[in-house]
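task: produce atomic coordinates for the following.
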Amino acid sequence: MAIGPGGLEAAYRNAAIICGAMAASTLFYAGVVAVISIFQAPFEGFAGQSQAPTLRIGLWTVAALETGLIGVVRRALLTRARAEAAATQPGRLVTTAVITAALAETPAILGLVLFMVFGLRADFYALFALSLALQAVYFPRLDGWRELAAEPAPGS
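Predicted coordinates:
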């Protein structure tokens, strides 16, 4: 049973709008860092530097692990979407796209935490760039969705 092209395209359009808004919110973080850096110059963070190395390593580790897990989570969700009925598949694809975009935004949020707490501007920009790259790589693509919708369900 195939999904009608209108249902899949409408779901894709919704996913693209949501994922685009999430990417825009990531850009907003860079604006926050710039404004704080200008108006609070020289900005050293809201906490002392005593725990900076420990928390910095921890947050970078979380960002690295989360970056590696995005593909695994996405594959698992897409496998589940393929196994479902054709009528519910567009909704599952939208859910997968939104979850993936949220996970891709996480490194920028961790970088923002490092900046706000310790004033680590370079760490923010590195994690921000990683987040934007992940969002570009995992941004939903209509051709990919059409291929998924055309594939037979496992076990059929």
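
what's the helix ranked longest in the chain packed up against?
When the chain is scanned for its longest helix (criterion: DSSP state H), the result is helix 5-39. In terms of contact count using 3 or more CB pairs under 8 Å, 6 or more residues apart in numbering; DSSP states H and E, helix 5-39 is assigned the packing partners helix 89-118, helix 121-137, helix 142-150. Every C-beta, even on glycine, is put in place using the N, C-alpha and C of the backbone.

show me what counts as buried in the last one.
The one in question is helix 142-150. The neighbour-count check on helix 142-150 (16 or more other CB atoms under 10 Å) flags 145, 148-149 as buried.

and the gap between the residue most central in space within the chain and N14?
Averaging the C-alpha coordinates of the chain gives a centre point, and the residue nearest to it by CA atoms, centre = their mean is A104 (2.1 Å). Here the distance between A104 and N14 works out to 18 Å (CB to CB, to the nearest Å).

also Q40?
In this view, Q40 and N14 are 39 Å apart by CB to CB.

what do you get for I99?
Counting by CB to CB, the separation of I99 from N14 is 14 Å.

mind giving me CSV with the buried residues of helix 142-150 and columns for distance to T95 and pLDDT?
Conversion of the buried residues of helix 142-150 to CSV gives the following (distance: CB to CB, whole Å; pLDDT from 0 to 100):
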residue, distance to T95, pLDDT
W145, 13, 85
L148, 13, 79
A149, 15, 76
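
possible to save those residues as TSV with distance to L27?
Compiled in TSV, the buried residues of helix 142-150 are given as follows (distance: CB to CB, whole Å):
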residue	distance to L27
W145	25
L148	29
A149	31
